[in-house]
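Asker: give the three-dimensional model of this entry:
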Amino acid sequence: MIESLSASEQTTIKPSKNLSVDHIPVNYRNMLFLWARQQCQGYSGIYIDDFTCSWRNGRAFLAILHRHNPNLINMKQAYCASNKENLTQAFNFAQKHYGITQLIDPEDVDSDEPDEKSILLYIAYLYKACPTLPSHPLRQEHDR
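Answerer: Numbering: from 1, shown residues only. Here you go, the predicted structure:
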């Protein structure tokens, strides 16, 4: 299992040949799917059914980041913000706090047909940055 990055290990995570979406085995893809679902459990209205439209409004990305950083992500605001605002906030936060290079633009996700491979690869980088559930209890979306 991939471990979380310590503060001293947080360097920019850039795309590499060893995390190419074309080389992600089916069992790893399924694990990422289940991981994302688990990360988003308990968040009202956020359901992970795929690697396309489930991510379109940005709330699933924010829910994962909120679960690991409840004092830094305001989920109440996410329910009122536009898709583009949520996606921009999530991608900027992941880059600033986890060093995850922004591989996709909000416009690429907030579209009629979001690119599954790009979203899957981005989720793989999120998993690499924070694979386990934090020990603190989930705060409700009305909490900060």
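Asker: report the buried residues of stretch 27-42.
Answerer: Neighbour-count burial for stretch 27-42, with 16 or more other C-beta atoms under 10 Å as criterion, is recorded at 31-33, 35-36, 39-40. The C-beta positions use only the backbone N, C-alpha and C, and glycine is treated the same way.
Asker: please convert the residues you listed to TSV, extending it with secondary structure and pLDDT.
Answerer: What follows is those, written out as TSV (DSSP: H, G, I helix; E, B strand; the rest coil; pLDDT from 0 to 100):
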residue	secondary structure	pLDDT
Met31	helix	95
Leu32	helix	95
Phe33	helix	96
Trp35	helix	94
Ala36	helix	96
Gln39	helix	94
Cys40	helix	95
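Asker: shaky segments in the protein?
Answerer: The chain contains residues with pLDDT under 70 at 1-24, 133-144.
Asker: let's see that with 50 instead.
Answerer: 1-17, 141-144 (pLDDT under 50).
Asker: quick check: which element contains the residue nearest the centre of it?
Answerer: The residue lying closest to the centre of the chain (C-alpha atoms, centre = their mean) is Phe61, at 3.6 Å. Here Phe61 is covered by helix 59-68, with elements defined by DSSP states H and E.
Asker: sorry, back to before: could you dump the buried residues of stretch 27-42 to JSON lines with distance to Ala90?
Answerer: JSON lines is the format used below for the buried residues of stretch 27-42 (distance: C-beta to C-beta, whole Å):
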{"residue": "Met31", "distance to Ala90": "21"}
{"residue": "Leu32", "distance to Ala90": "17"}
{"residue": "Phe33", "distance to Ala90": "18"}
{"residue": "Trp35", "distance to Ala90": "16"}
{"residue": "Ala36", "distance to Ala90": "13"}
{"residue": "Gln39", "distance to Ala90": "13"}
{"residue": "Cys40", "distance to Ala90": "13"}
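Asker: can you tell me which two in these are farthest apart?
Answerer: In those, two members sit farther apart than any others by C-beta to C-beta. They are Met31 and Cys40, at 15.1 Å.
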